[in-house]
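# A structural model of the following input is requested.
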Amino acid sequence: MTAFSGFPGSPRTVRGGFVVMDADGRAAVRTVPFQYNPETLTRTLTPRGASVDSGDRLEALRLVGPPVETLKLEIALDATDRLEKPGQHPDTVAEGIAADLAELETMISPATADVVAAEALAGRGTLEILPLPSPLLLLVLGADRTLPVRITEFTVTEEAFDTRLNPILARVGLGLRVLSSEDLPMGSTGAELFLTAARRRERLASRRGADVRALGLSRLP
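Sure thing, here's the model as predicted:
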């Protein structure tokens, strides 16, 4: 895990995390910073290519949309530092890291009040059963990388407990799918954030020139 050094000369590390927005993406509902930044982040990009079954040779080079990007990361939660100062952290003494886990787990759970209200309306025949609206979830990895995501995998490994069996050390493995402009309405907050990240990637890539001599060639074959 990437800890924050207390050495005065060390640079201050930016902390990543999640921002939970309302369903319209207009207001932040809560922020969930990482206690420790993940040690690794695995990114997989799957191109969206046109089908070549039609026999059209031009289709082999055609991209029909941005790639599907999936992420895997692990979040470490550790109550040790807080338990060393019990007077300053009574909630941790009483519950361990239960609140930290709950912050993450509620990102993939509809609010119980919404579930009960929807079921009551459906029972009276006044509401068709439809998926409940979900908040917009943003993964923040520094000032230049804020991505709309959906959690597709959530694994908790609790590794240590206090005397009341409250977890005090855990690792949370997350699988995420980046939501692109293909998934979100154009003009929405999530779509605009995706396009901002895509434009930044294009700017970075444009720094490379077209000189084939960088590959040891005098010209293209």
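# Next secondary structure element downstream of the least confident helix or strand in the chain by mean pLDDT?
Each helix and strand of the chain was given a mean pLDDT (mean pLDDT, DSSP states H and E); the minimum falls on helix 112-123 at a mean of 77. With elements assigned by DSSP states H and E, the helix or strand that comes after helix 112-123 is strand 136-140.
# mean confidence score for whatever helix or strand comes next after that next one?
Downstream of strand 136-140, the next assigned helix or strand under DSSP H and E is strand 146-161. Taken as a whole, strand 146-161 has an average pLDDT of 96.
# can you give me the angle strand 146-161 makes with strand 136-140?
80 degrees (axes from the mean of the first three to the mean of the last three CA atoms, to 10 degrees).
# which residues are in contact with the lengthiest helix in the chain?
Counting by DSSP state H, the longest helix found in the chain is helix 189-205. With contact meaning CB atoms under 8 Å, 6 or more residues apart in numbering, helix 189-205 is reached by 21, 24-26, 66, 136, 138, 144-148, 178-181, 184-185. Every residue, glycine included, has its C-beta placed from N, CA and C.
# Now with 7 Å, please.
Applying CB atoms under 7 Å, 6 or more residues apart in numbering, the external contacts of helix 189-205 come out as 21, 25-26, 66, 136, 138, 144-148, 179-181, 184-185.
# hmm, which of those residues are the buried ones?
Among the contacts of helix 189-205, those scoring as buried are Met21, Gly25, Pro66, Leu136, Leu138, Thr146, Leu147, Pro148, Leu179, Ser180, Ser181, Leu184 (criterion: 16 or more other CB atoms under 10 Å).
# quick one: low-confidence ranges for the protein?
Scanning the chain for pLDDT under 70 picks out 1-10, 50-58, 125-133.
# Centre-most residue in it?
Nearest to the mean C-alpha position of the chain, by CA atoms, centre = their mean, lies Leu139 at 3.7 Å.
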